[in-house]
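Colleague: Just the structure for this:
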Amino acid sequence: MEKIKLVLDKDLMDIIPDYIFHRKEDCSRIMKLFEEKNFEEISKIGHKMAGSGGGYGFDEISRIGKELEIKSKNEPETIPALVERLDAYLDNIEITYE
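Modeller: Here you go, the predicted model:
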């Protein structure tokens with residue numbers, strides 16, 4: 001996958017690494033919840049991502065979060081692919097700050 005270049009506000013420089021770290025943790029947590037068939041908790045995590053991603057400049061995280069929130073209720077079999085998409089996104093973002 002090609003690197004995804006993002007330019008973010010320099011005021012976010014101190015908090016972005018933690019934000020990304022926690023989204024990586026979410027990937028593992030969601031897969032564990034998926035195995036447990038705890039789709040309600042996956043929906044909550046997705047809802048939080050949908051609300052927070054765009055505020056930090058990560059519109060794709062918001063999109064994936066919204067999909068997780070919706071799909072956990074009506075198409076849970078799609079969750080692993082969404083987690084894979086999120087994981088790949090997180091691995092391939094390249095951030096510069098202005």
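Colleague: Return the distance of the closest residue to Asp59 other than its chain neighbours relative to Gly65.
Modeller: Leaving aside its sequence neighbours, Asp59 sits nearest to Gly53 (CB to CB, 6 or more residues apart in numbering; 6.4 Å). The C-beta positions use only the backbone N, C-alpha and C, and glycine is treated the same way. From Gly53 across to Gly65, the span is 6 Å (CB to CB, to the nearest Å).
Colleague: List the residues that contact the residue nearest to the spatial centre of the chain.
Modeller: Taking CA atoms, centre = their mean as the criterion, Ile61 is the residue nearest the geometric centre of the chain, at 4.2 Å. By CB atoms under 8 Å, 6 or more residues apart in numbering, Ile61 lies in contact with Arg23, Met49, Ser52, Gly53, Gly54, Leu86, Tyr89.
Colleague: Write a PyMOL command that selects only the buried members of those residues.
Modeller: Buried residues among these (16 or more other CB atoms under 10 Å), as a PyMOL selection:
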select buried, resi 23+49+52+53+86+89
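Colleague: Below-threshold pLDDT in the chain: ranges please.
Modeller: Applying pLDDT under 70 to the chain picks out no residues at all.
Colleague: Quick check: Ala88 touching Lys3?
Modeller: No. Contact criterion CB atoms under 8 Å: Ala88 and Lys3 do not qualify, at 11.4 Å.
Colleague: was I right about Ile64 contacting Leu90?
Modeller: No. Assessed by CB under 8 Å, Ile64 is found out of contact with Leu90, at 10.0 Å.
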